[in-house]
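> Structure for this input, please:
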Amino acid sequence: MGDTLLDIAMMHADNLIARAKEGDQHAQGKVVQLWYKRIYNFCYKFFLDHDLAMEVSQKTFISMCKNLPALQDNARFKSWLYKIAVNYCREEVRRRKGTRSVSFEAVWSRDVEDSPKWESTSHKMDNPERQLQQRELSDVLQGALLELNNEQREVVIMKEYEGLKFREIAEVLNISENTVKSRMYYGLDGLRKILERKKITKETIGYGF
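Predicted coordinates:
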């Protein structure tokens, strides 16, 4: 329930991936088309830079086409593709500083579990004043997120914005689910402390939780 047509298409893409693995260029192009937006969005949130996100996305899909025949389990394609993107992002982040975005509500959530509560609530901000306030908070959060270490940033972005489950993130990063949850918890806790240091709390902006 709640799946978009793109989500449904992705869940039924095994045949397309199989053809792409065999070198079918048309199928490879369809796979890129199917996944490009999600990978680009991930990279953009990682850097908040369109050109850099485009560059990393391009590298990701070039690598995908080159290495796809080596993928043994088509069911693991999603985590495999994100792993490629994460590795290229890591390469860039060693040389550059980027900004990210995270929902304000998630920062004050104490539960670290798979739940709809992790979804951004920005779409509910239909009041112009609240929309402006949300944009300003987003800018603050982007700066605060930069103060986290790379491991925590990766998990927060994949969980909060990309909607990956802890199991999938663990597979992408080749770590245990408990480690993923720990990084998520300490990442959000770190963000709370940074924002509180800046005298920004959920009470100061009138959010009701």
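> ok, and what's touching stretch 60-75?
Stretch 60-75 is contacted from outside by 14, 17-18, 20-23, 28, 31-32, 35-36, 39, 43, 77, 80-81, 84-85, 88, using CB atoms under 8 Å, 6 or more residues apart in numbering. All C-beta atoms are positioned from the backbone trio N, CA, C, and that covers glycine.
> List every C-alpha atom in that stretch, with coordinates, as CSV.
Taking C-alpha atoms only, stretch 60-75 is exported to CSV below (Å, rounded to 0.1, in the frame of the first residue of the first chain):
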residue,chain,number,x,y,z
THR,A,60,27.6,4.6,-10.7
PHE,A,61,25.7,3.5,-13.8
ILE,A,62,28.8,3.1,-15.9
SER,A,63,30.1,0.8,-13.2
MET,A,64,26.7,-0.9,-13.0
CYS,A,65,26.7,-1.8,-16.7
LYS,A,66,30.3,-2.9,-16.6
ASN,A,67,30.0,-5.1,-13.5
LEU,A,68,26.4,-6.3,-13.8
PRO,A,69,27.3,-9.7,-15.2
ALA,A,70,29.2,-10.5,-12.0
LEU,A,71,26.1,-9.9,-9.8
GLN,A,72,25.1,-13.4,-8.7
ASP,A,73,21.7,-12.7,-7.0
ASN,A,74,19.3,-10.4,-8.9
ALA,A,75,17.3,-10.0,-5.7
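> and it, which residues are buried?
Buried residues in stretch 60-75, counted by 16 or more other CB atoms under 10 Å: 60-61, 64, 68, 71, 74.
> cool, stretch 168-176 as well?
For stretch 168-176, burial by neighbour count (16+ other CB under 10 Å) applies to 168-173.
> what's the distance between the residue most central in space within the chain and Leu173?
The centroid of the chain falls nearest to Met158 when counting by CA atoms, centre = their mean (3.2 Å). Going from Met158 to Leu173 by CB to CB, to the nearest Å gives 8 Å.
> Could you do Asn150 as well?
11 Å.
> same question, Asn87
Taking CB to CB, one finds Asn87 at 10 Å from Leu173.
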